[in-house]
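A.B. asks: no letters, just coordinates:
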């Protein structure tokens, strides 16, 4: 293998390295859900590849510089159209003039300007072809472009580098074009699969939400309908009053379910106010204490009595979040258990630890907390934890869970201190 061929193969690496960069960007978009990712990111490939190929060329003598610029140039035109092709044309000519404005520059001007006209018309229909025809077209265009360059250099400028050298040059260019074009098609196919996966995840979440809403709302509505129907029958006033109360309770239950979903889906708090964390915890403990007494559960409380420990949020929703977590902790324990509520501060954050001595959870169950309709309780809906996660997230906080089967679970809520 000649030195020229080896240098051209090294130059070939410059055509595929930017493609791997594009692949990394695609995967980053999928992994981190970059919404501002634009399709024009594809332009990274031909622009960077063209610059690298021309800055590190294969020198074959005076008046002529060989490299693999045809590969990114043609693919840039075919996939990006004139919006990418025209900037590529002027970028290529600028670099060629900057390297050495000899006869080779004029050869490039004549060849690439005339060939860009052909690429302009083909690029309009290129995306409609199958992979097989795309490979044939790109390879044929590479061969035609190189033959045009050969004719211009020999007929107009009397520059002859030998048939053997041209055969090596054209062969490597075509092989590089086939490989690079195939690699780009594979990257595009992978990205389309990732986009479909993202849509499938969203549709699956919507289907779960729809199923859980219909399931939870249908039951109280069906019960209400039954009792209202019984009211139309001949019954005593006492029975009518009893049926009316039950029907109203079931309707209230349906309303609570809908409100829970609205709280989860709402992108922002309705109003923001300063919340004294210690006062709200004490208020919630007073509400939840009767339930704890019914289950013979002791609540151990440790608070920071200081007005500086204030957070920003909506008081009612914050109370709802704490009630949901405390209620879950009480219901997870048998009688004579202890529920610890500890408030601490760490630099700019307030931490609330709610630790129970219940059954505990597996790692898989912890990872699914906050999902709609996931619960570890027999008659639970999973809406309470879903709402709690949403509320804390809206307050720019986070919830972490540590649990061990047979020992208990600790919910840690971290919130930024409002200055």
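C.D. replies: In hand now; what should we look at? Computed from a predicted model, the values in this text were never measured in an experiment.
A.B. asks: buried sites along stretch 166-185?
C.D. replies: The neighbour-count check on stretch 166-185 (16 or more other C-beta atoms under 10 Å) flags 166, 168-170, 172-178, 180-181, 183-184 as buried. (C-beta placed from N, C-alpha, C; glycine too.)
A.B. asks: show me where the protein has strands.
C.D. replies: Assigned by DSSP state E, the chain shows strands spanning 58-59, 65-66, 273-276, 298-302, 310-313, 338-346, 349-355, 398-404, 408-416.
A.B. asks: neighbouring strands - and their directions - for the fifth one?
C.D. replies: By that I understand strand 310-313. Neighbouring strands of strand 310-313 in its sheet, by DSSP bridges, are strand 273-276 (antiparallel).
A.B. asks: buried by neighbour count: which residues of the strand it pairs with qualify?
C.D. replies: 275-276.
A.B. asks: and the contacts of that strand?
C.D. replies: The contact list for strand 273-276 (C-beta atoms under 8 Å, 6 or more residues apart in numbering) reads 307, 309-315, 318, 418.
A.B. asks: just stretch 232-246 next, same as before
C.D. replies: Applying C-beta under 8 Å, 6+ apart, the external contacts of stretch 232-246 come out as 223, 227-228, 230-231.
A.B. asks: if you set the cut-off to 10 Å instead, what comes out?
C.D. replies: 223-224, 226-231 (C-beta atoms under 10 Å, 6 or more residues apart in numbering).
A.B. asks: sorry, back to before: let's have the strands of the chain in a markdown table, adding mean pLDDT and distance to residue 125.
C.D. replies: Output for the strands of the chain, formatted as a markdown table (pLDDT from 0 to 100; distance: least, C-beta to C-beta, whole Å):
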| stretch | mean pLDDT | distance to residue 125 |
| --- | --- | --- |
| strand 58-59 | 69 | 33 |
| strand 65-66 | 74 | 31 |
| strand 273-276 | 88 | 61 |
| strand 298-302 | 88 | 73 |
| strand 310-313 | 88 | 57 |
| strand 338-346 | 88 | 62 |
| strand 349-355 | 91 | 59 |
| strand 398-404 | 89 | 52 |
| strand 408-416 | 91 | 56 |
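A.B. asks: let's have those in CSV, adding distance to residue 243.
C.D. replies: Putting the strands of the chain into CSV (distance: least, C-beta to C-beta, whole Å) gives the following:
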stretch, distance to residue 243
strand 58-59, 91
strand 65-66, 92
strand 273-276, 41
strand 298-302, 37
strand 310-313, 40
strand 338-346, 37
strand 349-355, 39
strand 398-404, 41
strand 408-416, 40
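A.B. asks: next, give phi and psi for the nearest residue to residue 67 once chain neighbours are set aside.
C.D. replies: Of all residues not flanking residue 67 in the chain, residue 57 sits nearest, at 4.0 Å (C-beta to C-beta, 6 or more residues apart in numbering). Per-residue torsions, residue 57: phi -80, psi 180 (degrees, to the nearest 10).
A.B. asks: could you do the one 10 residues further on as well?
C.D. replies: Note on residue 67: its backbone torsions stand at phi -160, psi -170 [degrees, to the nearest 10].
A.B. asks: dump the residue contacts of it.
C.D. replies: 7-8, 11-12, 14-15, 50, 52-59, 96, 99, 169, 173.
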